[in-house]
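Trainee: Predicted coordinates and the sequence they were generated for:
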Amino acid sequence: MKIKDIYPHAVFDHEIFDIVHHSKEVFENCVFVAIPGSRHDGHDYIFEAIAKGAKTVIHEKDWLFSIPQNINFVKVENAKKELARLLKILYGDLWKDLIVIGITGTNGKTTVSSLIYHYLSFMNLPTLLIGSNSSKFGDLYWPLVNTTPDLVTIYRLVKLCRPNLKYVILEVSSQAIRELRILGIAFDVAAITNISQDHFDYHPSWDDYLFSKGLLLTRLKPGGIAVLNREMPNFPLFESLTVNSVISFGKNNGDIKYQVISSSLKGLELALTSEGQTIMLKSPLPGEFNGENLACFYAIGLALGVNFSEIASFTDEFGPVKGRMEKFFVRKRLIVIDYAHTPEAVRQVAEFLRTETLQKLYIVIGCGGERDQLKRPLMLKWALENASWVYVTEDNSRNEPFSQIAADMTKNQSLANYTVIPKRSKAIQTAFANSTAGDIIAILGMGNDCYQEEGQILTDETVVKRMGEKNGFDG
């Protein structure tokens, strides 16, 4: 395709080899889209993009320099919107005949998307997962930085897998919706797992957060289905945002109801009831909150019309999800790694683990830098109320001083059963050293995310496994 096929008034015609919005990805005959961002402005990289071979530049701001010969400059009102339009033109029928599932919500997105991905794969249905734990397709794996990558990356991943692809699952964050990272993608199923406080560093108000999540429902195809948590306080709002059919789920209300028969560290036994029929499921996923995740997974499956004849054998074996309630046994202590990074997630995990030991619960927890400050004291509050002792530590401070984050977390706390240890690996090791056989240590906030200490790239799992190698794993 040539540029004049899209912009007939372009001064210089050329083949379009790719569309990019990162200058480092530019090569000969690319179209470079200069997107203003909160941290970086693509307009500052236009000269670099031209030097690398870009022949057409899409921009929002006035260009105050002379235009190089044989370079097209196209000014638009909204560069992100234009990027979405160009990708749809260049990639043509990329999404044709694909079944696309979008999953959003404050907590549970990764677990639900993993359940759907692995069940479809279990049923030999070719599926691409794009989410916070990476992107996966069969034996292929691509690490990702954000829960929802940029639109160019999404298109490239789908194109890579396209010849044998049937389903695409996207974890969708509220930021991604607001930043138009899914613009132009139409969904067959859009699910909202639950809503609680998060991302108030980004969203100016609670209403803005809610409507950002709800906008996913407006991206449904005609005939698409919304899957909603019936017991969210904001269910009526979300239901009103779509004219499509809705399948709801909940513990006491919804089209699919779930009842937790038993819950322990070994997992769940669950009864799911839909249209008068009840099925019994067992799952190694621990915590009653995973009952909600399993019900959401089941509702999405019903919306897709998948064959659930093998669901019992699947749920019996599936788990754990990487970085979500992962269990390690070291010297008769249970160590649990979980991504809980919102007040509600910390509450659920901490309350569950407190009931699972007759001895002590230790929690290692931090809060991300340059992120929602309002949730910091709430997260620590739930940890303090449920743990014998809490270690406040580093959790990706970015460019914010850890001392400020710790001060925000500990401010006005009525309980003082905590110690501040900035170095995360030392906080984990200290919790272990102060524990005894039968205790539980919960390491919250980062899941399987990487962090750097003294030149080493670590994860919480890496630190725990090193302790296990030194002290001895149980079983």
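Mentor: Thanks, I have the structure now. Residues are numbered from 1 along each chain as shown.
Trainee: Quick check: which element contains residue 327?
Mentor: Using DSSP states H and E, residue 327 maps to strand 326-330.
Trainee: ok, and what's touching that strand?
Mentor: With contact meaning C-beta atoms under 8 Å, 6 or more residues apart in numbering, strand 326-330 is reached by 265, 286, 320, 334-338, 432, 461, 464-465, 467-468, 471-475. Heads up, the C-betas are built off the backbone N, CA and C, glycines and all.
Trainee: does the residue of the chain positioned farthest from its centre sit in a helix, a strand or a coil?
Mentor: Computed with C-alpha atoms, centre = their mean, the residue of the chain farthest from its C-alpha average is residue 69, at 43.7 Å. Of the three states, residue 69 takes coil under DSSP: H, G, I helix; E, B strand; the rest coil.
Trainee: can you pull out the helices in the stretch 301-450 of the chain?
Mentor: Assigned by DSSP state H, counting those that start in this stretch, the helices in the stretch 301-450 of the chain fall at 311-317, 343-355, 375-386, 402-410, 424-434.
Trainee: residues of the longest one that come out buried?
Mentor: Going back to what we said before, that points to helix 343-355. Residues of helix 343-355 classed as buried: 343-350, 352-354 (neighbour count, 16 or more other C-beta atoms under 10 Å).
Trainee: ditto for the shortest one
Mentor: Within helix 311-317, the residues scored as buried using 16+ other C-beta under 10 Å are 311, 314-315.
Trainee: With distance to residue 205 and pLDDT as added columns, please give these in TSV.
Mentor: Listed next are the buried residues of helix 311-317 as TSV, based on distance: C-beta to C-beta, whole Å; pLDDT from 0 to 100:
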residue	distance to residue 205	pLDDT
311	40	95
314	41	96
315	38	96
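Trainee: one step back: give me the angle between the strand holding residue 327 and helix 424-434.
Mentor: Using axes from the mean of the first three to the mean of the last three C-alpha atoms, to 10 degrees, the direction of strand 326-330 lies 50 degrees away from that of helix 424-434.
Trainee: Just the buried positions in strand 326-330, please.
Mentor: Within strand 326-330, judged by 16+ other C-beta under 10 Å, the buried ones are 326-328, 330.
Trainee: Repeat that for stretch 375-382.
Mentor: In terms of neighbour count (16+ other C-beta under 10 Å), stretch 375-382 has its buried residues at 375-382.
Trainee: So what's the gap between that stretch and the chain middle?
Mentor: In terms of C-alpha atoms, centre = their mean, to the nearest Å, the centre of stretch 375-382 is found 21 Å from the chain centre.
Trainee: Can you give the contact residues for that stretch?
Mentor: Applying C-beta under 8 Å, 6+ apart, the external contacts of stretch 375-382 come out as 197-198, 200, 341-343, 346-347, 350-351, 365, 367, 390, 392, 405, 408-413, 415, 418.
Trainee: any idea of the mean pLDDT for it?
Mentor: The pLDDT scores in stretch 375-382 average 97.
Trainee: Can I get that stretch in CSV, CA atoms only?
Mentor: Taking Å, rounded to 0.1, in the frame of the first residue of the first chain, the C-alpha atoms of stretch 375-382 are listed here in CSV:
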residue,chain,number,x,y,z
LYS,A,375,-4.6,3.7,48.7
ARG,A,376,-1.3,3.5,50.5
PRO,A,377,-2.6,3.8,54.1
LEU,A,378,-5.6,1.6,53.3
MET,A,379,-3.4,-1.2,52.1
LEU,A,380,-1.2,-1.1,55.2
LYS,A,381,-4.3,-0.8,57.4
TRP,A,382,-5.6,-4.2,56.2
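Trainee: No further questions, thank you.
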